Structure formats: C-alpha cells, structure tokens
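Trainee: Can you look at this prediction? I've put the sequence above it.
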Amino acid sequence: MKSLVLYVFLAVAAAAPQDIQLIKYNVNNDGLGAYHFDFEQSNGIRYEQTGELRNPGSKTEFVAVKGSYAWTAPNGDAFIIDYVADENGFQPTIAQGVADSVSPEVVAHLLG
C-alpha cells in the first residue's frame, strides 16, 4: 500500500506543469522616447517591440510603436501578430497556421 501511495505521488509530481523559463530578454531605452525590447520563453512565446518618438517637442508628440508576438496553441496552430501603432491607430496583421509552417524568415525576424 505504501508503494502505491508513493507511485501516485511520483506520478502527480511528474504530471505537474513545468515552470516557464525566460530564454532571452533584451531591453534598450535611450531615455528620449526610443526603445526596443524582445523576449523569448521556453514555452515558445516570443515578443518584440520598438518605439520611436515622433514630433518631439510639439503638441502632437507621440511614440510610434512597431512589434510582433507569436505563440503556438495547444492544438499546434501557430499565431503571429505583427502590428504598428502610430498616428493612424493600432494596425495588427494576424497570421495563423500550423507551427511547422512558419517560414524561416519570420522565425529569424522574431528571434532577432
């Protein structure tokens, strides 16, 4: 009986979700409105964003942003969202497909 209980505890421990690790993280900020950051996690989530100050010193000053993020759903579908946020608002482009069909160019872009 004690062996059975031990095996049950071992099975539960092995089946527990694993912690997600941060594989890559970079941040660069010039302190004047321009920045870039990116990260990648062990679960395949990737995120990259760049911002730049537009119309500095004017009443219409704003930070224009360009970025992308990607993840793979549990069913294997890959999602990649590229976006721009500027004077024309938030403009996303959403791509969905099978994880293995992501082009090497997209992967290289997301990974830096």
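Mentor: That came through fine.

Trainee: Could you pull out the strands in the chain for me?
Mentor: Assigned by DSSP state E, the strands in the chain fall at 22-29, 35-41, 46-54, 62-72, 77-86, 89-98.

Trainee: need the ones you listed in TSV with mean pLDDT, can you?
Mentor: Listed next are those as TSV, based on pLDDT from 0 to 100:
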stretch	mean pLDDT
strand 22-29	95
strand 35-41	96
strand 46-54	97
strand 62-72	95
strand 77-86	94
strand 89-98	87
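
Trainee: would JSON lines of those strands with mean neighbour count be doable?
Mentor: For the C-beta atoms, the positions are set from N, CA and C on the backbone; glycine is no exception. Converted to JSON lines, the strands of the chain look like this (neighbours: other C-beta atoms under 10 Å):
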{"stretch": "strand 22-29", "mean neighbour count": "11"}
{"stretch": "strand 35-41", "mean neighbour count": "17"}
{"stretch": "strand 46-54", "mean neighbour count": "17"}
{"stretch": "strand 62-72", "mean neighbour count": "17"}
{"stretch": "strand 77-86", "mean neighbour count": "16"}
{"stretch": "strand 89-98", "mean neighbour count": "11"}
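
Trainee: ok, what's across the strand from the residue nearest to Gly44 when sequence neighbours are not counted?
Mentor: Once flanking residues are discounted, Gly44 sits nearest to Thr72: 5.0 Å by C-beta to C-beta, 6 or more residues apart in numbering. Taking DSSP bridges, one obtains Ala78 as the residues bridged to Thr72.

Trainee: Thanks a lot, catch you later.
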